[in-house]
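Visitor: Provide a 3D model corresponding to the input given below.
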Amino acid sequence: MELIYIAMLLHKAKKEITEAHIQKVVDAIGLKVENSQIKALVAALDGVDIDKAILEAAIPVASAAPVEAGHHAAKKEEHKEEDQAKKAEEAAAGLGALFG
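Guide: All right, here's what the predicted structure looks like:
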């Protein structure tokens, strides 16, 4: 998984994703990785449009999350308002019993 992050980091820095570049990052952070893993990653990413892959992966997650969060927050706020109104009514009824 770390190698994928390294590849994304190199891509974000506008550096070519090569075995040499990946190896430099691996060495810099002190990660123990077999050279065959680096070669496999570079081969797997050959010809892949990383920007397009990121966009396609992010769209379903990004569009679904705000709808869920907004709906949940609205329901929670609705319950909170109902609870406050109920407490106010109970307090008023309690005061009425004291002076009734």
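
Visitor: use CA for all of it now, contacts and neighbours both
Guide: Will do.

Visitor: Tabulate the CA atom coordinates of stretch 26-42 in CSV.
Guide: These are the backbone C-alpha positions of stretch 26-42, laid out as CSV (Å, rounded to 0.1, in the frame of the first residue of the first chain):
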residue,chain,number,x,y,z
VAL,A,26,11.6,4.3,-0.4
ASP,A,27,15.2,4.9,0.7
ALA,A,28,14.4,8.4,2.0
ILE,A,29,11.7,7.1,4.4
GLY,A,30,13.5,3.9,5.3
LEU,A,31,10.9,1.5,4.0
LYS,A,32,11.9,-2.1,3.4
VAL,A,33,10.6,-3.1,0.0
GLU,A,34,11.7,-5.8,-2.5
ASN,A,35,12.8,-4.5,-5.8
SER,A,36,10.3,-6.9,-7.5
GLN,A,37,7.4,-5.0,-5.8
ILE,A,38,8.6,-1.7,-7.3
LYS,A,39,9.0,-3.2,-10.7
ALA,A,40,5.5,-4.7,-10.5
LEU,A,41,4.0,-1.3,-9.5
VAL,A,42,5.7,0.5,-12.3
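
Visitor: Number of residues surrounding Ile4?
Guide: Counted with other Cα atoms under 10 Å, the neighbours of Ile4 add up to 14.

Visitor: if I pick it, what's in contact with it?
Guide: By Cα atoms under 8 Å, 6 or more residues apart in numbering, Ile4 lies in contact with Leu41.

Visitor: Got the confidence number for it?
Guide: We have a pLDDT of 92 for Ile4.

Visitor: One more: the one 3 residues further on?
Guide: Predicted confidence (pLDDT) for Ala7: 94.

Visitor: what separates it from Val26, distance-wise?
Guide: For Ala7, the distance to Val26 equals 11 Å [Cα to Cα, to the nearest Å].

Visitor: now swap in Val48 and tell me
Guide: 22 Å.

Visitor: Looking at these two, which is more packed in?
Guide: Val26 (17 against 10).

Visitor: Show the contacting residues for that one.
Guide: Listed by Cα under 8 Å, 6+ apart, the contact partners of Val26 are Lys32, Val33.

Visitor: now do Glu16
Guide: Applying Cα under 8 Å, 6+ apart to Glu16 gives the contacts Leu10.
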